[in-house]
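Asks: coords please:
(one chain, ligands or ions: 1)
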Amino acid sequence: MTKGQVEQTVAGGRDSGIADVDYLLSHFPGAVSVYDADLKLIAANEQHWELTEIPRADFGPGATYEDIVRYIAKRGGYGEDVDVEATVAERMLAVRQDHWKFERVQRGRHIAGYTATTPSGGVICCQQDVTEEKETEQRLIALTKELGSARDLAEAANKAKSEFLAMMSHEIRTPLNGIIGMSELLSARATDSTQKTHLDVILKSGHALLAIINDVLDLSRIEAGRLDLQARPFNLRAEVEEVATLLGSRIEKSDVDLVVRYNPSLPDWYVGDATRIRQLLVNLVGNALKFTHEGHVLLDVDGAVENGRTSLTVSVRDTGIGIPEEHQNAIFERFEQAGSGSTRRYGGAGLGLAICRHLVEAMQGKIDVESEVGKGSRFWFSVRLNHAEGEAEATPDLTGTRALLLDDIAANCDAMAELLRHCGAEVDVIDNVPEATALAMFAAASERPYDFIILDCHLPGVEALASGAWVRGRRPPVVALSTAAAGKPVDGMDRYAACLLKPLRRSALLTAVGGVRPRTPARVA
Ligand code: ADP
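Replies: Predicted coordinates for the structure are as follows:
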């Protein structure tokens, strides 16, 4: 029951009969005493006598509020050693205010109350024992204080840790960069192969150490809540291709190809943090290359365009060792690796994916993995980015041209074919030299010969196809694809119209074939 309701009910009760007032008072959840306009007690409920511990015989109906207050003051109900008459005078003034709130301590119990003036000029006084609420409040205040100081301590410790890490990693990185730089110089000039091998070990170890220090610094920055994401226009395709070129040039295993596929219908320019997106790509593609011994790694950018932005899904699929199901969640935690032999065999500190998870979550995205041991893994993250204005790369019109693509890595052919078809070309894809040669010969003898051929120049037996011995008359231009890791120069370069390095860049491919025009039908050989 609200205070207003009590007042109304009590006022009404007086008019409609004392029985109603008694009923109300006895059912009220607290001590209530009612005074007339001269501040003489009219009525009080049982709870009033119990709570105030005032002798009912001396201070029953007719007793004045002043006498009651004086009695309580003398008993120490407003505090020990108070000036009794001053307290009485104070309270006599206060009680005349409408809605006066007060608190007092009675034998260690906290009593809270308020008074209200009735329409006839009297006063209703309600009081309650609030000792338990007070104690809970005190406990809460103490707890909040404790929590506050624990939080302050933790924040200070975290800040100190981050500052220490930032300082240490700076102190470690400076000399380390010196070691790496000098080793690179020495390695470039070394003529003695043993010395070169030793220097390369120093270099590799230096780079590995640098990567770990960078990861530790990044993680501490993230944990200290100091990860600030930029929102600037950037060219996503350029970032993707640069990462692929950088990591592709470091592939030492000749049996592994890195392939990039960027959905040709997607825009290139977005608003976001290019550095952090690049970091994600480097981590995921770097891992995929590290854990793949043969086959390929496909960096695939796909998405759905909607109202000025794209829901992007960037996935990195590999044909590597795979990850057991029971480790697939844990690897996104820091210092977690799938299997205990991982550090020994592959190096790393288990921080890269934890950083990736934090970065993607900071971009309000999602990251996950699907994997099968022995078959490979697919790591993917999805983020929504707004489109930005930027210089668009020219797209040549290849309508009416016909192309033959030959590569034993289907993902590579598919990515190229998709791009060329997007430019209007008609494309055939084949994964082996004999069939490719047969197709080329057949087409040359038909109404629709190939206007250009793109082939992996390291495939065994490809020379004959490249030389054009199978066609009489003018052979179509042949573009060679090569990998840095193949380690050998391309034989018979003069056979090729152009030689492109894998992973292929869109611009390199389109420049190589951009000038091609549909040919008139070749003469039958
Ligand atoms: P690390 O620096 O150890 O590679 P990460 O956090 O990047 O740390 O990866 C954690 C672990 O997840 C790796 O040690 C490895 O066991 C597993 N892992 C990550 N990527 C792959 C992948 N493409 N194929 C197989 N295992 C992977």
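
Asks: what sits against residue 73?
Replies: Taking CB atoms under 8 Å, 6 or more residues apart in numbering as the criterion, residue 73 is in contact with 82, 84, 87, 88. C-beta: built from backbone N, CA, C; applies to glycine.

Asks: For those residues, could you give me JSON lines that also reports neighbour count?
Replies: As requested, the contacts of residue 73 are arranged in JSON lines below (neighbours: other CB atoms under 10 Å):
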{"residue": "82", "neighbour count": "15"}
{"residue": "84", "neighbour count": "16"}
{"residue": "87", "neighbour count": "18"}
{"residue": "88", "neighbour count": "22"}
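
Asks: Helices - which of these land there?
Replies: When DSSP state H defines the helices, the subset of the contacts of residue 73 inside them is 84, 87, 88.

Asks: Need those residues in CSV (columns: distance to the ligand and pLDDT).
Replies: Converted to CSV, the ones in helices among the contacts of residue 73 look like this (distance: CB to the nearest ligand atom, whole Å; pLDDT from 0 to 100):
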residue, distance to the ligand, pLDDT
84, 76, 92
87, 71, 92
88, 76, 93
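
Asks: before we move on, what SS does residue 141 have?
Replies: At residue 141 the chain is in helix, as set by DSSP: H, G, I helix; E, B strand; the rest coil.

Asks: which residues touch residue 97?
Replies: Residues counted as contacts of residue 97 (CB under 8 Å, 6+ apart) are residue 115.

Asks: And the pLDDT at it?
Replies: Here, the pLDDT recorded for residue 97 equals 85.

Asks: give me phi/psi at it?
Replies: Listed backbone geometry of residue 97 is phi -70, psi 150, with angles given as degrees, to the nearest 10.

Asks: Residue 74 too?
Replies: Note on residue 74: backbone dihedrals following degrees, to the nearest 10 are phi -60, psi -30.

Asks: Residue 253: which of the ones in helices among the contacts of residue 73 is nearest?
Replies: Using CB to CB, residue 87 is the member of those that sits closest to residue 253, with 92.1 Å.

Asks: What sits closest to the closest one if chain neighbours are left out?
Replies: Closest residue in space to residue 87, ignoring its immediate chain neighbours: residue 73 at 4.7 Å, by CB to CB, 6 or more residues apart in numbering.

Asks: repeat for residue 399
Replies: Residue 399's closest residue in space is residue 424 (CB to CB, 6+ apart), at 3.5 Å.

Asks: how close does residue 241 sit to the ligand?
Replies: When CB to the nearest ligand atom, to the nearest Å is applied, the distance between residue 241 and the ligand equals 20 Å.

Asks: element containing that residue, please.
Replies: Under the criterion of DSSP states H and E, residue 241 resides in helix 236-249.

Asks: Quick one: residues in contact with that helix.
Replies: Contacts made with helix 236-249 from outside it, assessed by CB under 8 Å, 6+ apart, are listed as 258, 260, 262, 268-270, 274, 277-278, 281-282, 285-286, 289, 299, 301, 312, 314, 385, 393, 483-484, 501-503, 505-506.

Asks: Among these, name the buried ones.
Replies: The neighbour count (16 or more other CB atoms under 10 Å) marks 258, 260, 262, 268-270, 274, 277-278, 281-282, 285-286, 289, 299, 301, 312, 314, 385, 483, 501-503, 505-506 as buried among those.

Asks: Residue in the stretch 1-150 of the chain with the shortest distance to the ligand?
Replies: Among the residues of the stretch 1-150 of the chain, residue 150 lies nearest to the ligand; the distance is 30.8 Å by CB to the nearest ligand atom.

Asks: doesn't that residue fall inside a helix?
Replies: Yes. Membership of residue 150 in a helix is supported by three-state DSSP.

Asks: ok, back up a step: which members of the buried ones among the contacts of helix 236-249 are positioned in helices?
Replies: Judged by DSSP H, the subset of the buried ones among the contacts of helix 236-249 located in helices is 274, 277, 278, 281, 282, 285, 286, 289, 506.

Asks: Quickly note the distance from the spatially closest residue to the fifth one that is not a sequence neighbour to residue 434.
Replies: Ranked by CB to CB, 6+ apart and with sequence neighbours excluded, the top spatial neighbour of residue 282 is residue 243, at 5.6 Å. If you measure residue 243 against residue 434 using CB to CB, to the nearest Å, the figure is 36 Å.

Asks: what about the helix holding residue 241, distance to the chain center?
Replies: In terms of CA atoms, centre = their mean, to the nearest Å, the centre of helix 236-249 is found 23 Å from the chain centre.

Asks: My guess is the residue nearest to residue 399 contacts residue 402. True?
Replies: No. In this structure residue 424 lies outside contact range of residue 402 using CB atoms under 8 Å: 10.9 Å.

Asks: Next, work out how far apart the residue nearest to residue 87 and residue 38 are.
Replies: Here residue 73 is placed at a distance of 20 Å from residue 38 (CB to CB).

Asks: what stretches of the stretch 51-200 of the chain score poorly on pLDDT?
Replies: Of all residues in the stretch 51-200 of the chain, none has pLDDT under 70.

Asks: and what of the chain?
Replies: Where the chain drops to pLDDT under 70, the residues are 1-18, 21, 336-349, 473, 484-492, 518-525.

Asks: and the residue nearest the centre of the chain, what does it touch?
Replies: With the centre of the chain defined as its mean C-alpha position, the nearest residue by CA atoms, centre = their mean is residue 361, 1.0 Å away. For residue 361, the contacting residues are residue 367, by CB under 8 Å, 6+ apart.

Asks: Can you tell me the element it falls in?
Replies: Taking DSSP H and E as the definition, one finds residue 361 inside helix 352-362.

Asks: angle of that helix against helix 274-290?
Replies: Calculated by axes from the mean of the first three to the mean of the last three CA atoms, to 10 degrees, helix 352-362 forms an angle of 140 degrees with helix 274-290.

Asks: Is there any residue in helix 352-362 that contacts the ligand?
Replies: Yes. Using CB under 6 Å from any ligand atom, a contact is recorded between helix 352-362 and the ligand, made by 352, 353, 354.

Asks: where's that helix relative to the chain centroid, distance-wise?
Replies: With CA atoms, centre = their mean, you get 6 Å for helix 352-362.

Asks: Quick check: buried residues in that helix?
Replies: For helix 352-362, the buried set under the neighbour-count rule, 16+ other CB under 10 Å, comprises 352, 353, 354, 355, 356, 357, 358, 359, 360.

Asks: and the residue lying closest to residue 284 once chain neighbours are set aside, how far is that from residue 378?
Replies: With sequence-adjacent residues excluded and distances taken as CB to CB, 6+ apart, residue 284 is closest to residue 316, at 4.2 Å. Here residue 316 is placed at a distance of 7 Å from residue 378 (CB to CB).

Asks: Could you tell me how many residues sit around the closest residue in space to residue 381 that isn't next to it in sequence?
Replies: When the adjacent residues along the chain are set aside, residue 381 lies closest to residue 367, with 4.1 Å between them (CB to CB, 6+ apart). Close neighbours of residue 367, defined as other CB atoms under 10 Å, add up to 21.

Asks: doesn't residue 328 make contact with residue 367?
Replies: No. With contacts defined as CB under 8 Å, residue 367 does not count as touching residue 328, sitting 11.9 Å away.

Asks: just checking, what packs against the helix or strand encompassing residue 128?
Replies: Under the criterion of DSSP H and E, residue 128 resides in strand 123-129. In terms of contacts (3 or more CB pairs under 8 Å, 6 or more residues apart in numbering; DSSP states H and E), strand 123-129 is packed against helix 3-16, strand 31-35, helix 46-52, strand 109-117.

Asks: Fine, thanks again, bye for now.
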